[in-house]
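Undergrad: I need the structure of the sequence given here:
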Amino acid sequence: MSHQRPRFPARLGAGAQGVSPAPAPVVSRKGAPSARSEVRSGPSGATRPAVPRSTGLGLDSAAVRARMVQRLAQGGVRHPAVLAALSAVERHRFVDTALVNQAYEDTSLPIGLGQTISKPSVVARMVELLLDAPLLAAGGRGRVLEIGTGCGYQAAVLAQVVAEVYSIERLRALHEKARANLRPLRLANLHLLFGDGMVGYARGAPYAGIIAAAGGDAVPPAWLEQIAVGGRLVAPCAAADGVQNLVVMERHAGGWTRRMLEPVLFVPLKSGTA
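TA: Numbers count the residues shown, from 1 in each chain. Predicted coordinates for the structure are as follows:
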């Protein structure tokens with residue numbers, strides 16, 4: 001069975017399996033920032049727009065992010081593309097105004113509706129693990145699915161390092177918040193979907209990677225079906241004792257390999273939309 005690459009911007013019809021129709025995509029030319037932006041190449045050699053350059057005022061200073069990235073590098077993050085993406089994406093734009101002073105600390109922060117923005121170290125760790133997938137490490141096509149858009153921060157980071165990103169969110173209010181946060185960045189390779197992440201997004205499959213920002217007792221079968229050979233899943237998963245661990249699953253021609261890594265703490269994985 002052949003897989004046809006969906007056209008961008010991605011629009012979900014009423015018949016899309018397990019996904020509700022979404023409003024117009026996040027990419028918009030209206031209200032575009034006047035700050036100069038640049039185009040950079042990712043691992044696959046494809047070009048994509050980078051986030052607008054900072055103005056150097058207050059938390060909008062690249063120096064603040066540089067210090068955060070330096071701490072992450074000292075903590076063990078080694079992938080140059082991941083470090084560059086974390087340096088480029090302004091995390092303070094994705095948190096509430098009252099929390100901007102904590103935006104570049106290595107801490108998770110509330111974003112509403114009982115959800116959080118992950119620690120920068122956790123985002124770096126998961127994206128780094130994803131980029132080690134054979135299809136991505138070898139400079140392949142690089143289409144990735146993110147489960148749980150949240151406020152949009154990790155989606156923006158992913159858009160810097162892979163060719164194409166689909167990100168799906170089940171909570172409409174968060175989906176709209178992410179759209180608002182991301183619209184000024186004009187990331188043409190990033191497309192937000194509103195729907196049930198438990199069923200993934202079959203129209204975009206097969207994926208070189210799937211990354212999840214919520215953890216359940218088991219990996220949904222739909223995610224595994226939508227990963228290409230040579231692709232990788234990075235997700236939190238609860239063990240028998242209820243403790244979540246980071247799990248990496250890689251698809252090979254003859255089956256799967258699975259590694260359970262360090263303990264993590266993510267919001268629970270839920271089905272449906274709200």
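Undergrad: how about the nearest residue to the residue nearest the centre of the chain, chain neighbours excluded?
TA: Residue closest to the average C-alpha location in the chain (Cα atoms, centre = their mean): Ala155, at 3.4 Å. Spatial nearest neighbour of Ala155, chain neighbours left out: Ser167 (4.2 Å); criterion: Cβ to Cβ, 6 or more residues apart in numbering. (Glycine included, C-beta is placed from N, CA and C.)
Undergrad: So the one you found: helix, strand or coil?
TA: Under DSSP: H, G, I helix; E, B strand; the rest coil, Ser167 falls in the strand class.
Undergrad: my read: it touches Cys151, true?
TA: No. Contact between Ser167 and Cys151 fails when scored by Cβ atoms under 8 Å: they sit 11.1 Å apart.
Undergrad: Next up, the contacts around Val123.
TA: Counting by Cβ atoms under 8 Å, 6 or more residues apart in numbering, Val123 touches Leu86, Tyr153, Gln154, Val157.
Undergrad: 10 Å - rerun?
TA: Counting by Cβ atoms under 10 Å, 6 or more residues apart in numbering, Val123 touches 72, 77, 82, 85-86, 89, 91, 117, 153-154, 157-158, 211, 213.
Undergrad: Please give the element, helix or strand, for it.
TA: helix 120-131 (DSSP states H and E).
Undergrad: Tell me the buried residues in the helix or strand just after that helix?
TA: Going down the chain from helix 120-131, the next helix or strand is helix 134-137, by DSSP H and E. Buried residues in helix 134-137, counting neighbours by 16 or more other Cβ atoms under 10 Å, are found at Pro134, Leu135, Leu136.
Undergrad: Stretch 119-132 now?
TA: Result for stretch 119-132 [16+ other Cβ under 10 Å]: buried residues 119-131.
Undergrad: Give me the below-cutoff pLDDT ranges for the stretch 101-250 of the chain.
TA: 140-141 (pLDDT under 70).
Undergrad: Quick one: the contacts of Val123 as a markdown table, columns for neighbour count too.
TA: Shown next, in a markdown table, are the contacts of Val123 (neighbours: other Cβ atoms under 10 Å):
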| residue | neighbour count |
| --- | --- |
| Leu72 | 22 |
| Val77 | 20 |
| Val82 | 25 |
| Ala85 | 25 |
| Leu86 | 26 |
| Val89 | 25 |
| Arg91 | 24 |
| Ile117 | 24 |
| Tyr153 | 28 |
| Gln154 | 26 |
| Val157 | 24 |
| Leu158 | 29 |
| Ile211 | 25 |
| Ala213 | 27 |
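Undergrad: So which of those are in strands?
TA: Ile117, Ile211 (DSSP state E).
Undergrad: Mark which of the contacts of Val123 are part of helices, please.
TA: Taking DSSP state H as the definition of helices, these contribute Leu72, Val82, Ala85, Leu86, Tyr153, Gln154, Val157, Leu158.
Undergrad: coming back round to it: surely the residue nearest to the centre of the chain is in contact with Leu174?
TA: No. Contact criterion Cβ atoms under 10 Å: Ala155 and Leu174 do not qualify, at 11.5 Å.
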